[in-house]
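Enquirer: sequence? don't have it. structure:
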């Protein structure tokens, strides 16, 4: 029933309206306005009715409503990319299977269906799905929305990603030779010899680069693309991503040449001196793709009709109407260049904690899980340690 009682209304002279502040179903104050006290009273009657409905709804909300609200309240301190990733997992891998259920209707078998389906995806999607379900339902249990937590103990699942193979020294030289004289050459040099992520390289300014004394790069900014527009932020992927990376002489030489010819504060700038948009980055990276072997599809108009044709670029073949040849016969991505940097550090005997810091990994477990085979699966490198450990044993 709507409440009927004498209300005291405040007159807001600035707006020329009467106002009443009341709490909604969540306990948050909201303002009800009207041109006259009677208008406010009418709106209050409707508001109180809806608030009663909302209060009942909150006692046992739909899972989709509670889950999205939970994400909004608990993930605001995460990066936009992480929030977007969680929302994608929630919308694509959780809500479709629980959407019509209220919180108190969810049973362990319902959770099992969600986890089983997620197990058919990648290991990352599987783990994120379980993590979000566990956290959402645990919060609901702690808030006494549900009497028990139906989420089971974690179990392994999902398809493990294929192990990436770092570029060999020969491939690195082929890549850099192919890019000589282009801006992409410096981009690849920074990724290969400083291990920066793509977004860190594109946000790099000259004020973060020290080429004298101890040459180094200070990583403190990242670039995000929002609808093709470049947005520079000091919020990095993780806290550990904020780091200072010493750089080798080979990279120092290239950076000196680039700095001497630069008139922008950004290492990679567009024509107006600002950071690269996504389209401009794609054009930058196209320099690698255009020098790679493989089939290319083009279109041309013949007799007014659009005709598709394919050209196969083979190694050593010279590009038509271009000054370069196709020499890159292996896969190259910005992340693979960073992967090569980390691999080379470990193969050179750098300890895990140092590699973790230089790579900007938040946890050493990340470094170990991905790269442990480089340090622990090479008998020729650890035989001396084994002999040393047991040399005094009888």
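Expert: Great, that's in hand. Quick caveat, the model's predicted, so the values are computed rather than measured.

Enquirer: C-alpha from now on. contacts and neighbour counts both.
Expert: OK.

Enquirer: which parts of the stretch 101-250 of the chain are strands?
Expert: 209-210, 216-219, 222-226, 229-233, 243-246 (DSSP state E, counting those that start in this stretch).

Enquirer: which of the ones you listed sits closest to residue 314?
Expert: Closest approach to residue 314 among the strands of the stretch 101-250 of the chain (Cα to Cα): strand 222-226, 33.9 Å.

Enquirer: what does the closest one rub up against?
Expert: Here strand 222-226 makes contact (Cα atoms under 8 Å, 6 or more residues apart in numbering) with 199-204, 230-236, 277-278.

Enquirer: the residue lying closest to residue 189 once chain neighbours are set aside: how many residues sit nearby?
Expert: Setting aside the residues directly before and after it, residue 189 is nearest to residue 251 in space (Cα to Cα, 6 or more residues apart in numbering), at 6.5 Å. Residue 251 has 18 neighbours, counted by other Cα atoms under 10 Å.

Enquirer: am I right that residue 251 is in contact with residue 195?
Expert: No: if you go by Cα atoms under 8 Å, residue 251 and residue 195 don't touch, sitting 11.7 Å apart.

Enquirer: would you list every one of the strands in the stretch 251-394 of the chain?
Expert: Under the criterion DSSP E, counting those that start in this stretch, the stretch 251-394 of the chain contains strands at 294-302, 305-313.

Enquirer: where's residue 174 relative to residue 278, distance?
Expert: Here the criterion is Cα to Cα, to the nearest Å. By it, residue 174 lies 26 Å from residue 278.

Enquirer: quick check: neighbours shared by residue 251 and residue 195?
Expert: Common neighbours of residue 251 and residue 195 (Cα under 8 Å, 6+ apart) do not exist.

Enquirer: pull out the buried members of the contacts of strand 222-226.
Expert: Neighbour counting over these (16 or more other Cα atoms under 10 Å) leaves 199-204, 230, 232, 235-236, 277-278 as the buried ones.

Enquirer: related to what we said a few turns ago, may I see the strands of the stretch 251-394 of the chain organised as CSV, with mean pLDDT added?
Expert: Output for the strands of the stretch 251-394 of the chain, formatted as CSV (pLDDT from 0 to 100):
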stretch, mean pLDDT
strand 294-302, 81
strand 305-313, 83
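
Enquirer: between these, which one is closest to residue 320.
Expert: When the strands of the stretch 251-394 of the chain are compared (using Cα to Cα), the closest one is strand 305-313, at 10.1 Å.

Enquirer: which residues sit against that closest one?
Expert: Residues contacting strand 305-313 (Cα under 8 Å, 6+ apart): 292-301, 319, 326.

Enquirer: for it, buried residues please.
Expert: residue 313.

Enquirer: list the strands paired with that strand, with their directions.
Expert: According to DSSP bridges, strand 305-313 forms sheet pairs with strand 294-302 (antiparallel).

Enquirer: tally of neighbours for residue 304?
Expert: Other residues lying near residue 304 total 7 when counted by other Cα under 10 Å.

Enquirer: let me fix that: residue 336
Expert: Residue 336, neighbours per other Cα under 10 Å, totals 18.

Enquirer: what's the closest non-adjacent residue to residue 186?
Expert: Per Cα to Cα, 6+ apart, closest to residue 186 is residue 254, 6.8 Å.

Enquirer: same check, this time on residue 214
Expert: In space, residue 214 is closest to residue 246, 7.1 Å off (Cα to Cα, 6+ apart).

Enquirer: can you check residue 279 too?
Expert: That would be residue 228: by Cα to Cα, 6+ apart, it lies 6.5 Å from residue 279.

Enquirer: which pLDDT value belongs to the one you found?
Expert: Turning to residue 228, the model gives it a pLDDT of 86.

Enquirer: need the residue closest to the centroid of the chain.
Expert: When Cα atoms, centre = their mean is applied to the chain, the residue found nearest the centroid is residue 81 (4.5 Å).
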